[in-house]
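>>> A predicted structure for the sequence below; I have some questions about it.
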Amino acid sequence: MNWMQVEAYLKTDDRCVLPLGSTEQHAYLSLAVDNILPSRLAHEAAAPLGVPVFPVQPYGITPYFRGYPGSVTLRVQTYLSLVRDVLDSLHEQGFRRILIVNGHGGNSPAQGFCGEWMADHPGAQVKFHNWWNAPRVWAKVQATDRNASHASWMENFPWTRLEGVAMPDGEKDALDLDRLRLLSPQALRSYLGEGNYGGRFQRPDEDMHAIWAEAVGETRALLEGGWLDGQPDRGERQ
């Protein structure tokens with residue numbers, strides 16, 4: 001969309017989607033897995049509704065992966081300031097219902113921040129959607145294979161693989177997450193190895209497409225419903 005199309009859109013609707021991602025190790029998969037998935041999901045969910053999707057924020061909070069080349073992290077304070085500035089900009093231009101599609105668990109401080117931001121912006125609504133562990137998607141994942149986690153099969157979609165990179169066979173035992181959270185970046189890399197937290201490295205595409213369809217449907221439902229009506233300044237420009 002260009003700015004004139006956005007201006008025209010805001011005369012009839014005030015919804016938008018903001019994907020949040022992270023650039024970090026995902027074992028044999030792309031470093032951009034957490035950017036590819038929320039961005040693609042947001043576009044597929046929003047397209048039939050005509051709701052604009054903003055570019056994914058590609059850097060998140062991932063200090064524990066600093067031992068892996070190519071992983072880039074922001075400090076919590078920096079990240080929350082960034083999210084605040086983006087939300088402030090969207091609000092200033094007239095967006096009042098914002099769906100954040102988050103692709104990275106380390107970005108969770110932003111979820112708490114959104115409550116604070118809404119309290120400071122009466123009439124604005126922000127839904128924070130962790131797409132991978134939302135109820136419908138997680139139920140589908142668990143019904144497919146209960147051993148699923150970071151950089152395992154559950155993030156291995158045709159669009160997150162790298163050409164020419166083969167996936168190992170077999171299944172990796174689930175790691176001790178309590179121990180993992182105590183380790184320094186270098187110690188974590190020694191403990192974690194290639195980066196998979198546990199599970200197979202790949203499952204049939206049929207399984208992955210079924211999970212993806214559930215994710216698109218669940219995300220679209222959040223855009224379509226569940227918003228509060230009659231907010232004090234909804235639709236007004238500031």
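Everything's here; your move.
>>> please give me every residue in contact with the residue lying closest to residue 60 once chain neighbours are set aside.
The spatially closest residue to residue 60, leaving aside those adjacent along the chain, is residue 22, at 3.3 Å (Cβ to Cβ, 6 or more residues apart in numbering). For glycine as for every other residue, the C-beta is placed from the backbone atoms N, C-alpha and C. Residues in contact with residue 22, defined by Cβ atoms under 8 Å, 6 or more residues apart in numbering, are 34-35, 58-62, 103-104, 106-107.
>>> which parts of the helix or strand where residue 221 lies are buried?
Element membership for residue 221 (DSSP states H and E) is helix 205-224. By 16 or more other Cβ atoms under 10 Å, the buried positions in helix 205-224 come out as 207-208, 211-212, 214-216, 218-220, 222-223.
>>> one step back: so which of the contacts of residue 22 is the most crowded?
Compared across these, residue 34 has the highest neighbour count, 30 neighbours, by other Cβ atoms under 10 Å.
>>> now, the contacts of residue 22 that are in helices?
Secondary structure from DSSP state H places 34-35 of the contacts of residue 22 in helices.
>>> gap between stretch 22-31 and the chain center?
Put simply, stretch 22-31 sits 14 Å off its chain's centre (Cα atoms, centre = their mean, to the nearest Å).
>>> thought residue 64 was touching residue 188?
Yes - taking Cβ atoms under 8 Å as the definition, residue 64 is a contact partner of residue 188 at 5.4 Å.
>>> in stretch 68-79, what counts as buried?
The neighbour-count check on stretch 68-79 (16+ other Cβ under 10 Å) flags 68, 71, 73-74, 79 as buried.
>>> and of those, the nearest to residue 86?
residue 79 (10.8 Å; Cβ to Cβ).
>>> and that closest one, helix, strand or coil?
helix (DSSP: H, G, I helix; E, B strand; the rest coil).
>>> so the nearest residue to it once chain neighbours are set aside versus residue 71, what's the distance?
In space, residue 79 comes closest to residue 61 once its chain neighbours are excluded; the distance is 5.3 Å by Cβ to Cβ, 6+ apart. Look at residue 61 and residue 71: by Cβ to Cβ, to the nearest Å, they are 11 Å apart.
>>> can you list the weak-confidence ranges in this protein?
Across the chain, the ranges flagged by pLDDT under 70 are 230-238.
>>> just the helices in it please.
With DSSP H applied, the chain shows helices at 3-9, 33-46, 76-92, 109-120, 135-144, 177-180, 185-192, 205-224, listed in chain order.
>>> list the contacts of the second one.
The reference is to helix 33-46. Residues from elsewhere that reach helix 33-46 (Cβ under 8 Å, 6+ apart): 17, 19-24, 26, 30, 52-53, 55-56, 58, 60, 99, 101-104, 131-132, 151, 155, 157, 159-160, 212, 215-216, 219-220, 223.
>>> quick one, what contacts residue 51?
13, 15-17, 223.
>>> typo on my end, it should be residue 114
Counted by Cβ under 8 Å, 6+ apart, residue 114 has contacts 83, 87, 100, 126, 128.
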